[in-house]
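> Here is a sequence with its predicted model. Questions after.
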Amino acid sequence: MIITAKERELGTKAARKLRREGKVPGVIYGIDTDNQHIEMDKSDLLAALRKSRRNDKFEVEVEGKNKYQVIVKEIQWHPVTEDIRHIDFYKLTEGKTVTLFVPVVVKGESKGVKLGGDLYQPRKKIMVEALPEAIPNEIVVDVTELNIGDVVHVFDLDIPEGVKVKSTKNFTVVAVLGRVKEEEETAEEEEEEMEVE
């Protein structure tokens, strides 16, 4: 996907003027390039973002001359109007890895949930490192065979080739929690209350 942009002036006053004109201020940065401050048409930018998935690659063309292969690094939204206020693009360089967050997507209905358990997903995304051509849009976890008490840790995930998880801890990503113990504890508490009475 191609996003057209122009160079812009810096400063809060200039950024406000751009937003009033229906444009979005942004920046392109990377390990081997100077920061490139740009402006884009808001409607065109939003249209491109809606068609994309997380970590999709874009080509930003500045002034019809310089072209950059980028990914979206950060988007700032207005807290009330949910209007896009600023966007950061990270320039991808062939042969150079990039560190970024990738969504963890749960698929399937687990055996444990069918038996009355609860699916617990404390981690919605994980940080990985990869070359530009290997950047994944998502990491999929099939929970179909998970029973009550089963846990999927980060190092259990099916990580695509060429992708490295940036974590020193084997933290929990998905688990199926049971209700049996909670019900037993509640029953014991009720019995103790009756004995006291």
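Everything's here; your move. Bear in mind that the values here come from a model prediction, so they are computed numbers and not experimental data.

> Roughly how far does residue 110 sit from residue 104?
Taking Cβ to Cβ, to the nearest Å as the measure, residue 110 falls 15 Å from residue 104. (Each C-beta comes from the backbone N, C-alpha and C, glycine too.)

> Among the two, which residue is more densely surrounded?
Neighbour count, other Cβ atoms under 10 Å: between residue 110 and residue 104, residue 110 has more, with 22 against 19.

> Let me know whether the more buried one touches residue 141 as I believe.
No: at 10.2 Å, residue 110 does not count as touching residue 141 under the criterion of Cβ atoms under 8 Å.

> Strand partners (parallel or antiparallel) of the helix or strand hosting residue 106?
Residue 106 belongs to strand 98-107 when assigned by DSSP states H and E. Sheet pairing of strand 98-107 (DSSP bridges) gives strand 125-130 (antiparallel), strand 139-142 (parallel).

> closest to residue 168 out of the ones you listed?
Ranking the strands paired with strand 98-107 by distance to residue 168, with Cβ to Cβ as the measure, places strand 125-130 first at 11.1 Å.

> what's in contact with the closest one?
97-104, 136, 139, 154, 157, 159, 162-167, 173 (Cβ atoms under 8 Å, 6 or more residues apart in numbering).

> What residues sit buried inside the strand holding residue 106?
Residues of strand 98-107 classed as buried: 98, 100, 102, 104, 106 (neighbour count, 16 or more other Cβ atoms under 10 Å).

> Need the mean per-residue confidence for that strand.
Strand 98-107 shows a mean pLDDT of 94.

> before we move on, what about stretch 76-89?
For stretch 76-89, the mean confidence score works out to 88.

> what's the answer for stretch 148-155, then?
Averaged across stretch 148-155, pLDDT comes to 94.

> Please export the C-alpha coordinates of it as CSV.
The C-alpha coordinates for stretch 148-155 follow below in CSV (Å, rounded to 0.1, in the frame of the first residue of the first chain):
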residue,chain,number,x,y,z
ILE,A,148,-8.9,-27.2,32.5
GLY,A,149,-5.6,-26.5,34.2
ASP,A,150,-3.6,-26.4,30.9
VAL,A,151,-1.3,-23.5,30.2
VAL,A,152,0.4,-22.1,27.1
HIS,A,153,3.6,-20.2,27.9
VAL,A,154,5.4,-17.9,25.5
PHE,A,155,8.0,-20.5,24.7
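
> Could you chop this structure up by domain?
Residue ranges for the domains of the chain, per automatic domain parsing: 2-93, 99-183.

> Check the offset of the shortest one from the chain's centre.
Meaning domain 99-183. Relative to its chain's centre, domain 99-183 lies at 14 Å (Cα atoms, centre = their mean, to the nearest Å).

> what's the answer for the longest one, then?
Taking Cα atoms, centre = their mean, one finds domain 2-93 lying 18 Å from the centre of the chain it belongs to.

> distance between the ends of it?
Taking Cα to Cα, to the nearest Å, the first and last residues of domain 2-93 lie 17 Å apart.

> Likewise for stretch 105-116?
By Cα to Cα, the extent of stretch 105-116 from end to end equals 21 Å.
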